[in-house]
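**Q** Sequence below, structure please.
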Amino acid sequence: MDDIKIYHLLSHTTGLAPLNRKEELNKLSNHLNYIASGELEFLGKPGEFFSYCNDSFLLLGIIIERLTGKLYRRHITEIILNRLKMYRSTMSLEEIDKFDNVSVPYHHNKKKELEVQSWPKLGNYEVGGGIRSNVLDLLKYGILYINNGMYDEETFINKETLQKMWQNPFKIHEQNYYGYAFKVIPNYNGKTIVEHGGGQPGVSSNFGFIPDEKLVVAVLCNVSGFDVADIWIKAVNTALDLPFEKRRNHFIKGKITKSLDTYCGTYTSLEGSCIDIKRENNVLILANEEKKDQLKRYNDNLFVTKKDKPIYFYFNEKNAWAVLYGARMLTRTKKGGCDE
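**A** Next up is the predicted model:
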């Protein structure tokens with residue numbers, strides 16, 4: 001791990017596969033001990049693969065605490081939330097209880113009915129996704145990015161440093177790239193799209209901006225697992241006067257040489273994700289506990305779901321050894337299927 005640099009942590013290119021979540025840990029120092037002594041799965045060398053790993057952000061939080069001598073949440077509140085007057089954005093569940101006019105989080109139960117969900121206690125994972133916010137505050141935050149690091153005539157960060165977050169991003173596959181904590185599409189109808197989504201039990205979100213157009217868009221929903229990214233891109237399309245149904249990705253068919261059997265198997269991560277890739281007749285089927293989806297083939301590595309979500313396979317000499325599912329790489333296992 002000596003070769004891992006800060007930019008690898010920011011871009012999720014450390015080579016670490018997703019780790020088992022330890023939400024019971026509430027001190028970042030304890031999390032450092034967990035990573036140092038725990039079971040780790042390496043996908044490759046730093047800079048070789050992209051795979052989202054929440055623990056990368058926790059390590060960044062540890063660096064911030066050591067450099068500042070302050071708790072991460074206190075430092076972020078002081079230098080960002082307070083300075084941008086984001087007074088209804090907080091990491092504190094106690095503060096949420098003191099606010100009026102707060103959304104109620106929901107999730108779908110086993111009967112597919114909406115059910116109230118308590119705000120989750122994330123422990124150390126608040127570093128990577130523990131700010132509870134609102135659209136108006138997020139628009140204030142977005143002004144930093146479209147205004148070259150300035151807000152209310154005050155410079156928060158050097159323009160060149162800020163733009164490193166989305167310039168020269170790591171290519172994941174096809175038109176998909178990842179910068180420093182931002183997904184990037186360098187050429188969306190001639191414009192650069194910078195965005196990031198997220199979710200916790202009871203909430204779904206997508207935030208981003210188009211620097212060339214000085215446009216900031218934020219979409220929040222108080223239901224788990226809702227496809228707010230689809231709403232987000234439709235809002236962007238409307239603002240850019242593009243067709244409402246235009247999608248982020250435009251996949252082009254390429255060379256196909258591999259047998260469908262070379263993809264079949266169960267793919268898992270220590271974080272708990274599991275998918276089965278099966279062959280039915282002459283197509284691949286992706287199955288997990290939530291759904292079953294037929295995949296459309298574009299080339300030897302790329303398949304796409306019915307909702308245009310890319311599924312990207314990585315090969316050794318003969319068979320696929322890993323798959324990028326969403327933003328996480330899952331590795332092939334010799335164990336039984338997800339339902340066993």
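**Q** contacting residues around Thr238?
**A** Applying C-beta atoms under 8 Å, 6 or more residues apart in numbering to Thr238 gives the contacts Phe244. The way it works is simple: take the backbone N, C-alpha and C, and place the C-beta from them, glycine included.
**Q** If I look at it, what pLDDT would I see?
**A** Thr238 is assigned a pLDDT of 97 by the prediction.
**Q** top strand in the chain by residue count?
**A** For the chain, the longest strand by residue count, based on DSSP state E, is strand 191-200.
**Q** Which strands or helices does that one pack on?
**A** For strand 191-200, the elements it packs on are strand 183-188, strand 203-210, helix 228-239, judged by 3 or more C-beta pairs under 8 Å, 6 or more residues apart in numbering; DSSP states H and E.
**Q** go again using 6 Å as the cut-off
**A** Under the contact definition 3 or more C-beta pairs under 6 Å, 6 or more residues apart in numbering; DSSP states H and E, strand 191-200 sits against strand 183-188, strand 203-210.
**Q** Quick one: closest of those strands to Leu260.
**A** strand 183-188 (29.2 Å; C-beta to C-beta).
**Q** domains for this protein, by residue range?
**A** Following the assignment in automatic domain parsing, the chain carries domains at 1-69, 93-250, 260-333.
**Q** circling back: run through who's touching the longest strand of the chain.
**A** Contacts with strand 191-200, where a contact means C-beta atoms under 6 Å, 6 or more residues apart in numbering, come from 120, 129, 166, 182-186, 205-206, 208-212, 229.
**Q** Between strand 183-188 and that strand, find me the angle.
**A** Interaxial angle, strand 191-200 versus strand 183-188 (axes from the mean of the first three to the mean of the last three C-alpha atoms, to 10 degrees): 150 degrees.
**Q** how about Tyr125, phi and psi?
**A** Tyr125 adopts backbone torsions of phi -70, psi 0, taken as degrees, to the nearest 10.
**Q** How are the strands of the stretch 151-300 of the chain distributed by residue range?
**A** According to DSSP state E, counting those that start in this stretch, the stretch 151-300 of the chain carries its strands in the segments 154-155, 170-173, 176-178, 183-188, 191-200, 203-210, 215-221, 265-268, 274-280, 283-287, 292-297.
**Q** which of the ones you listed sits most buried?
**A** Sort the strands of the stretch 151-300 of the chain by mean neighbour count, taking mean count of other C-beta atoms under 10 Å, and strand 203-210 sits at the top with a mean of 23.
**Q** Neighbouring strands - and their directions - for that strand?
**A** Looking at strand 203-210 with DSSP bridges, its partner strands are strand 191-200 (antiparallel), strand 215-221 (antiparallel).
**Q** and stretch 155-168, which residues are buried?
**A** Buried residues in stretch 155-168, counted by 16 or more other C-beta atoms under 10 Å: Phe156, Leu162, Gln163, Met165, Trp166.
**Q** what do you get for stretch 230-239?
**A** Neighbour-count burial for stretch 230-239 flags Asp230, Ile231, Trp232, Ile233, Lys234, Ala235, Val236, Asn237 (criterion: 16+ other C-beta under 10 Å).
**Q** mean confidence for the helix or strand harbouring His107?
**A** Per DSSP states H and E, His107 falls inside strand 106-108. The pLDDT scores in strand 106-108 average 95.
**Q** Just the residues contacting that strand, thanks.
**A** Leu114, Gln117, Pro201, Gly202, Val223, Ser224.
**Q** Ok, stretch 150-167 next?
**A** So stretch 150-167 is in contact with Leu84, Ile143, Leu144, Asn148, Gly149, Gly179, Tyr180, Phe182, Val184, Val194, going by C-beta under 6 Å, 6+ apart.
**Q** Show me which pair in those residues is furthest apart.
**A** Longest distance between any two of the contacts of stretch 150-167 is 22.9 Å, between Leu84 and Val184; criterion C-beta to C-beta.
**Q** Out of the contacts of strand 106-108, who's the most crowded?
**A** Most neighbours among the contacts of strand 106-108, by other C-beta atoms under 10 Å: Gly202, with 21 neighbours.
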